[in-house]
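J.: predicted model and sequence follow; I will ask about them next.
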Amino acid sequence: MEFSATTRMVHITVQPFFLEQESDPQKNAFMWAYHIRIHNSGFEPIQLLSRYWKITDALGRVQEVRGEGVVGEQPLISPGGFYEYTSGVPLQTPSGFMGGSYEMISGNGERLEVTVPTFSLDSPFDVHCVN
């Protein structure tokens with residue numbers, strides 16, 4: 001499943017996938033990877049400066065993460081260009097969701113907060129009950 005959002009000509013797509021071989025349900029350890037594509041459809045270069053994540057597990061516990069760049073980089077994305085990366089997130093529950101934003105700066109020095117769409121983290125170990 002793919003999730004997407006656009007903020008001022010910056011289009012973000014996310015594809016999460018469960019990593020069964022790196023998870024251990026017996027120990028409440030569940031791992032996901034997510035692939036993100038950032039497309040600059042604007043007319044000026046943009047640079048990703050920092051990230052913010054809000055990660056929520058199936059019990060409603062929230063973890064917030066802030067940091068410089070992504071995967072150790074602060075990419076400069078030219079007009080019409082894109083940047084892709086893959087990262088991961090562990091949870092103690094078999095499902096959850098996460099979303100956030102990137103702080104970027106445009107070629108003219110304007111700072112932008114670009115939305116990363118909230119995306120679902122679902123594993124085959126999640127049991128759904130209908131009440």
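T.: Cool, the structure landed.
J.: show me what contacts the residue lying closest to M9 once chain neighbours are set aside?
T.: Nearest residue to M9, sequence neighbours excluded (CB to CB, 6 or more residues apart in numbering): G42, at 3.8 Å. No exception for glycine: its C-beta is placed from N, CA and C like everyone else's. By CB atoms under 8 Å, 6 or more residues apart in numbering, the contact set of G42 is 8-10, 79, 106.
J.: which one among these gets closest to L48?
T.: V10 (9.5 Å; CB to CB).
J.: quick one: the closest one and A58, what's the gap?
T.: 31 Å (CB to CB, to the nearest Å).
J.: low-confidence regions, the protein specifically.
T.: 127-131 (pLDDT under 70).
J.: for it, which segments count as strands?
T.: 3-7, 10-18, 30-40, 46-57, 62-68, 76-77, 82-91, 95-106, 111-122 (DSSP state E).
J.: what angle do the first one and strand 111-122 make?
T.: Here strand 3-7 runs at 170 degrees with respect to strand 111-122, directions being taken by axes from the mean of the first three to the mean of the last three CA atoms, to 10 degrees.
J.: tally up the residues packed near the closest residue to A58 other than its chain neighbours, please.
T.: Nearest residue to A58, sequence neighbours excluded (CB to CB, 6+ apart): T93, at 3.7 Å. The number of residues packed near T93 is 17, by other CB atoms under 10 Å.
J.: check the one 10 residues further on too.
T.: Using other CB under 10 Å as the criterion, E103 is surrounded by 16 other residues.
J.: bridged to it, which residues?
T.: Judged by DSSP bridges, the bridge partners of E103 are S50, E113.
J.: give the contact list for it.
T.: Contacts of E103 by CB under 8 Å, 6+ apart are 48-52, 111-114.
J.: that one and G69: what is the separation?
T.: From E103 to G69 the distance is 10 Å (CB to CB).
J.: so what sits against both of those two?
T.: Common neighbours of E103 and G69 (CB under 8 Å, 6+ apart) are 48-51.
J.: most widely separated two among those residues?
T.: L49 and R51 (8.8 Å).
J.: which neighbours do those two have in common?
T.: Counting by CB under 8 Å, 6+ apart, the residues touching both L49 and R51 are 68-69, 102-103.
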